[in-house]
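Trainee: how does the following fold in three dimensions:
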Amino acid sequence: MILEIDIGNTQVKWRIVTGSKIIFRGTQSSQNVLQQGRLDINDQYLFSEVRLCCVAGSELERLVCGQLSADFDIPIFIARVSQVAGSVKCGYKNPMMLGIDRWLGILACYASASRDFVVVDAGTAMTIDVVRANGLHLGGYICPGQALLRNSLDSVVQKLRVSALQKCREGSAPASTEDAILRGCLMSSVALIERICGEEPRDLYITGGDAMSLLRELSLEANFVEDLVLDGLSARGLDFEVF
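Mentor: Coordinates of the predicted model:
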């Protein structure tokens, strides 16, 4: 059994896999992990190794790795971005400047893509990466996710408590300020995705906490992948650092 962990800015996601079978999934807020000083992993499972990625900073990475090393005494492999992984080539001149979550998403999608493709990770920040069918990463975009977009309208948000709302009512033209903010933020993200995908034929893959809201509005066919970053941890040619 292998323990796979995605340490994000907002939450830590993990799953236990054996072969292609997922035995267990879990989540915990990143803040809670820092406060408790540990990840709530059930020690009833006998792992052969741990594979993880982290975009939340070195402190949280060291904390989780230190705990797992002490609790299970097994190899811990930390995913790193490289210039090339298998047939995929990073589009950044300095690969270390590309987030590991974006790299893993690209690698996971490449395994199933049949033509040029776009990867959208709609989380705290929304990232969009464009990749050729031959594995050449062309680069990408980073912009605020839905919560950050709503909170950028700070004066209005404070008055209306918009940040507490999770959904907006469907319709072409919102008839309240609350819906106008929520739908305006959502549709701006949708427009960006459709603009990028519309430049030439491309498959679209989407993941992240805001994915379902975006999918309801997109006019394009899209592939929703729940654990895209975790899927990338088993990609061919991925570089790891051993803790």
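
Trainee: and Leu153, how far from Ile181?
Mentor: 6 Å (Cβ to Cβ, to the nearest Å). For glycine as for every other residue, the C-beta is placed from the backbone atoms N, C-alpha and C.

Trainee: more neighbours, those two?
Mentor: For Leu153 versus Ile181, the count of surrounding residues by other Cβ atoms under 10 Å is larger for Ile181: 22 against 18.

Trainee: quick check: which element contains that one?
Mentor: helix 177-197 (DSSP states H and E).

Trainee: show me how far that helix is from its chain's centre.
Mentor: With Cα atoms, centre = their mean, to the nearest Å as the basis, helix 177-197 stands 19 Å off its chain's centre.

Trainee: quick check: buried residues in it?
Mentor: 178-183, 185-186, 189-190, 193, 196-197 (16 or more other Cβ atoms under 10 Å).

Trainee: quickly note the distance from the residue of the chain most remote from its centre to Arg183.
Mentor: When distances to the mean C-alpha position of the chain are computed (Cα atoms, centre = their mean), the maximum falls on Ala175, with 32.7 Å. Computed with Cβ to Cβ, the distance linking Ala175 and Arg183 is 10 Å.

Trainee: what do you get for Gly209?
Mentor: 18 Å.

Trainee: pull the helix or strand with minimum mean pLDDT from this protein.
Mentor: The weakest-scoring helix or strand in the chain, judged by mean pLDDT, DSSP states H and E, is helix 154-160 (a mean of 64).

Trainee: pLDDT at the most centrally placed residue in the chain, what is it?
Mentor: The residue lying closest to the centre of the chain (Cα atoms, centre = their mean) is Asp121, at 4.8 Å. Looking at Asp121, its pLDDT stands at 98.

Trainee: my guess is it contacts Arg102, does it?
Mentor: Yes: between Asp121 and Arg102 there is a contact at 6.8 Å, judged by Cβ atoms under 8 Å.

Trainee: what sits in contact with each of the two?
Mentor: Common contacts of Asp121 and Arg102, defined by Cβ atoms under 8 Å, 6 or more residues apart in numbering, comprise Thr127.

Trainee: just give me the neighbour total for Ser114.
Mentor: 7.

Trainee: which element is it on?
Mentor: Here Ser114 is assigned to no helix or strand, by DSSP H and E.

Trainee: go ahead and confirm it touches Asp203.
Mentor: Yes: using Cβ under 8 Å, Ser114 is in contact with Asp203, at 7.1 Å.

Trainee: joint contacts of these two?
Mentor: Common contact partners of Ser114 and Asp203 (Cβ under 8 Å, 6+ apart): none.

Trainee: about what we covered before: report the contact partners of the residue nearest to the centre of the chain.
Mentor: Applying Cβ under 8 Å, 6+ apart, we find Asp121 in contact with 101-102, 105, 127, 206-208, 228-229.
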